[in-house]
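Engineer: This is the structure alone, sequence omitted:
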């Protein structure tokens, strides 16, 4: 006998366990069922991570990349792009400005650019940590030794998105890369004590609601501390230029189901979602998100980090204040802490939820 939708949603909010067919049912929600899904995710968010929204200052310090991912505007084969690398001193200056603006986490992001050795980056991380901020790295695949060196330098978190948990789809979208090595990197990061983030792209060509459900189960199995979920936006200068974009609704439903499966996780209302929908940040917060990553990258670099259309658009003068105003208008508060992982190891507040393995 099929469980009613409301009973399924109630069980999901209480146990944070769902079978694949149940995830698919939630991802297919529309109308009143969709509104109930968003409300449930928002309630779980409030219970587990509170009303604070963590603003994490993003510095995109290089748009060089050795990879040729079919969807990315930074792909190696793209010729119509002015490449750049920020010097470590420039990056540090921007990080200092971000800390003065009140950002408690600095995110260093780039393409897979091995010009920046682990030694150079470790020295930079050590200096940024002196600003009393958390440091998140999003610099792609490195060796275990490099991850270790960066962790010893003080890096707190690492974001390495899987984009899809379907090995065949991964291989098509990432020529020359290994799905299994990507998973190996995630395992290394967890072993080294990073707070680990991964994520999925919604609406990829070849993706189905079934594979999207698998992506969510993958994130839960990994026990990630952060899950970045954003829409696919086709770039006109990539092989996927003629493919339709992901849509706001499916992205929001995916965020909401991720909140039910990963109640402790930090879930961003992504910049890509805001690029696809002018109200994307607000909608993401209402569907279970609790992070926004404002861009600190200065010009001329900001305009050249062209991963998808609109990404490098000029930022308004009141950009940083507008983000804070948006958070308050959503009925939330801006976090004053670095927002470290809340993933349970034993019991959570003695409520009897059990261990992480039980979840």
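Structural biologist: Thanks, I have it. What you see is a predicted model; the values in this text were computed from it and never measured.
Engineer: Just the strands from the stretch 251-359 of the chain, written as ranges.
Structural biologist: With strands called from DSSP state E, counting those that start in this stretch, the stretch 251-359 of the chain shows them at 291-292, 333-334.
Engineer: Out of the ones you listed, which one sits most buried?
Structural biologist: Here the criterion is mean neighbour count by mean count of other Cβ atoms under 10 Å, and of the strands of the stretch 251-359 of the chain the winner is strand 291-292, at a mean of 24. (Each C-beta comes from the backbone N, C-alpha and C, glycine too.)
Engineer: picking that back up, generate CSV for the strands of the stretch 251-359 of the chain, with mean pLDDT and distance to residue 90 as supplementary columns.
Structural biologist: Written out in CSV, the entries for the strands of the stretch 251-359 of the chain read as follows (pLDDT from 0 to 100; distance: least, Cβ to Cβ, whole Å):
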stretch, mean pLDDT, distance to residue 90
strand 291-292, 98, 24
strand 333-334, 98, 27
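Engineer: Show me what stretch 323-335 is in contact with.
Structural biologist: Outside of stretch 323-335, the residues within contact range by Cβ atoms under 8 Å, 6 or more residues apart in numbering are 51-55, 102, 104, 281-282, 285-286, 292, 294.
Engineer: Okay, buried residues for that stretch please.
Structural biologist: For stretch 323-335, burial by neighbour count (16 or more other Cβ atoms under 10 Å) applies to 323-324, 326-327, 330, 332, 334-335.
Engineer: try stretch 217-235
Structural biologist: Of the residues in stretch 217-235, those with enough neighbours to count as buried (16+ other Cβ under 10 Å) are 218-220, 222-235.
Engineer: average model confidence for stretch 147-158?
Structural biologist: The average pLDDT for stretch 147-158 rounds to 98.
Engineer: actually stretch 276-284, not the one I typed
Structural biologist: For stretch 276-284, mean pLDDT rounds to 97.
Engineer: Quick one: the helices in this protein, in order.
Structural biologist: For the chain, the helices identified by DSSP state H occupy 5-15, 20-27, 31-48, 88-100, 118-129, 144-152, 167-173, 179-191, 209-222, 248-261, 271-276, 280-286, 301-304, 319-329, in order along the chain.
Engineer: Which stretch among these is buried most, on average?
Structural biologist: helix 248-261 (a mean of 25).
Engineer: Show me what that helix is packed against.
Structural biologist: In terms of contacts (3 or more Cβ pairs under 8 Å, 6 or more residues apart in numbering; DSSP states H and E), helix 248-261 is packed against helix 5-15, helix 20-27, helix 31-48, strand 195-202, helix 209-222, strand 226-231, helix 271-276, helix 280-286.
Engineer: Please name the residues that touch the nearest residue to residue 171 once chain neighbours are set aside.
Structural biologist: Counting by Cβ to Cβ, 6 or more residues apart in numbering, residue 179 is the residue found nearest to residue 171 once chain neighbours are left out, at 6.4 Å. With contact taken as Cβ under 8 Å, 6+ apart, residue 179 is in contact with 167, 170-171.
Engineer: where's residue 179 relative to residue 23, distance?
Structural biologist: If you measure residue 179 against residue 23 using Cβ to Cβ, to the nearest Å, the figure is 21 Å.
Engineer: One more: residue 279?
Structural biologist: Distance of residue 279 to residue 23, computed by Cβ to Cβ: 26 Å.
Engineer: sorry, back to before: any chance of the strands of the stretch 251-359 of the chain in CSV, with distance to residue 306 too?
Structural biologist: Compiled in CSV, the strands of the stretch 251-359 of the chain are given as follows (distance: least, Cβ to Cβ, whole Å):
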stretch, distance to residue 306
strand 291-292, 21
strand 333-334, 29
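Engineer: right, and those strands - which one's nearest residue 314?
Structural biologist: Proximity to residue 314 (Cβ to Cβ) singles out strand 291-292 among those, at 18.8 Å.
Engineer: how far does the closest one sit from the chain's center?
Structural biologist: Averaged C-alpha coordinates place strand 291-292 at 9 Å from its chain's average position (Cα atoms, centre = their mean, to the nearest Å).
Engineer: Tell me the one among the buried residues of stretch 323-335 nearest to residue 211.
Structural biologist: residue 330 (31.0 Å).
Engineer: who's in contact with the residue lying closest to residue 185 once chain neighbours are set aside?
Structural biologist: Beyond its immediate neighbours in the sequence, the residue positioned closest to residue 185 (Cβ to Cβ, 6+ apart) is residue 141, lying 5.3 Å away. Residues in contact with residue 141 (Cβ under 8 Å, 6+ apart) are 112, 160, 177, 181-182, 185.
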